[in-house]
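Asks: Structure for this input, please:
(one chain, ligands or ions: 2)
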Amino acid sequence: MKLITIVGARPQFIKAAAVSREISKREELREIIIHTGQHYDKNMSDIFFQEMKIPSPHYNLHVSKGLHGASTGLMLEKIEEVLLKEKPDAVIVYGDTNSTLAGALAAKKIHIKLIHVEAGLRSFEMKMPEEINRILTDRISDILFCPTVTAVNNLKQEGFENFNCRVIKNGDVMQDAAIYYENISDATSSITQQLNLKDFVLATIHRAENTDSIQNLKSVIHALNQINKTIKVILPLHPRTKKALDASDIKVNFTIIEPVGYLDMIQLIKHSSLILTDSGGLQKEAFFFKKNCVTLRNETEWIELIENGFNILAGTDSEKILQCFSQMLGKKSDFNIDLYGNGKASKIIADELLKL
Ligand code: UD1
Ligand code: UDP
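Replies: Ligands and ions are numbered 1, 2, ... in the order given. From the prediction side, this is the model:
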């Protein structure tokens, strides 16, 4: 069976790494990877393929710039060309980026089976580009692999039981990646020594609502500057946030580093005292590596982390962030609970693909 996997952004490389490993173990399945080019810097793209030994993309569409409509449209056009040429039995898309939506539309319009991994998540914030991408992709998918019970329930709520599709709760493929790459990271990454890190908190910021609003960005940075007076703050800087900071007069007093590969990221997470982030993936990785998390957003798709007290929503208000930081730093949490499938999510996907 011929499968086409579509990836374009950093979190998708990590998700696809886990699933591709399982696909490659099954002789009946053959995978072709299309990289849309959405992320293109070496340390936002190549490093993941190299370090994680993800099969090299067969196609790179180099659609890296442009507004939402222009870039999604161009991806759609170029993906369709490849699909018409390769005639796959199914297309796999991940998550909620513009690459996801473009891949989903391209496949479905020419009647190729569409498989959505990380389906059913909702923030209920329609201003988020990701919310639009995931709702539209879910609606036209043939198989929807859901990471959590919440995701399955969201789909039920939207009437998916009445649609001609299959909803399968398989767990979270990012946990599979975390489990598999942890040992490799332990053996190979020296980032904490290189940066001489002892007590520190790890932060990331890249969501549109935080980078496109100067007010929100200022407020978050102000809070991190304050936290840095108590404990060192390390922030690998996403190119989107770099652009926003470069265009502003916001002063940063904490430590900024270039984006790092996944193997270094695992060490940063494991050695940190707390995570402060607006990233979706990092909220879960905090849990996988038994760290508490403060989320710099007003809502999250990963509500089971909030319900179990591992994560707290701080939004972007400086005072609220400082208050949440104090509450979560040093908080003793019992992380011994299976929220994300304990590493079997990718295997379930590959086994289901064999039944197509
Ligand atoms: C995208 C996804 C987001 C995901 C994030 C993961 C959409 C709408 N957003 O957001 O859901 O959480 O990836 O990191 O699909 N840039 C570079 N070099 C790169 C990558 C990006 O300079 O390697 C620049 C782009 O030119 C652009 C900006 O960063 O100006 C934003 O990139 P884009 O891919 O549009 O969105 P992200 O914020 O990365
Ligand atoms: N990540 C990484 N290096 C970095 C920052 C993030 O490897 O410098 C990883 C992070 O651990 C997560 C993934 O990239 O697994 C996706 O994170 P991102 O925040 O870019 O996207 P999101 O999950 O919010 O869509």
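Asks: How about the backbone phi and psi for the one residue in the stretch 101-250 of the chain that gets nearest to ligand 2?
Replies: Here the stretch 101-250 of the chain gets closest to ligand 2 at one residue, P236, 3.3 Å apart by Cβ to the nearest ligand atom. C-beta here means a position set from N, CA and C on the backbone, and glycine is covered the same way. Torsion angles at P236 (phi, psi; degrees, to the nearest 10) stand at phi -70, psi 120.
Asks: does stretch 301-315 come close to ligand 1?
Replies: No: Stretch 301-315 stays out of contact with ligand 1 when judged by Cβ under 6 Å from any ligand atom, the minimum separation being 11.2 Å.
Asks: In that stretch, which residues are buried?
Replies: In terms of neighbour count (16 or more other Cβ atoms under 10 Å), stretch 301-315 has its buried residues at E301, W302, I303, E304, L305, I306, F310, N311, I312, L313, A314, G315.
Asks: wait, what's in contact with the first one?
Replies: In this structure, E301 makes contact with L121, R122, S123, G280, judged by Cβ atoms under 8 Å, 6 or more residues apart in numbering.
Asks: Report the backbone C-alpha coordinates of stretch 347-355 in PDB.
Replies: Extracted in PDB, the C-alpha atoms of stretch 347-355 (Å, rounded to 0.1, in the frame of the first residue of the first chain):
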ATOM      1  CA  LYS A 347       1.700   1.200  16.500                       C
ATOM      2  CA  ILE A 348      -2.100   1.400  16.600                       C
ATOM      3  CA  ILE A 349      -2.000   3.700  13.500                       C
ATOM      4  CA  ALA A 350       0.300   1.400  11.500                       C
ATOM      5  CA  ASP A 351      -1.900  -1.600  12.400                       C
ATOM      6  CA  GLU A 352      -5.000   0.200  11.300                       C
ATOM      7  CA  LEU A 353      -3.300   1.300   8.000                       C
ATOM      8  CA  LEU A 354      -2.800  -2.400   7.200                       C
ATOM      9  CA  LYS A 355      -6.600  -2.900   7.300                       C
END
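Asks: Show me how far that stretch is from its chain's centre.
Replies: Taking Cα atoms, centre = their mean, to the nearest Å, one finds the center of stretch 347-355 at 22 Å from the center of the full chain.
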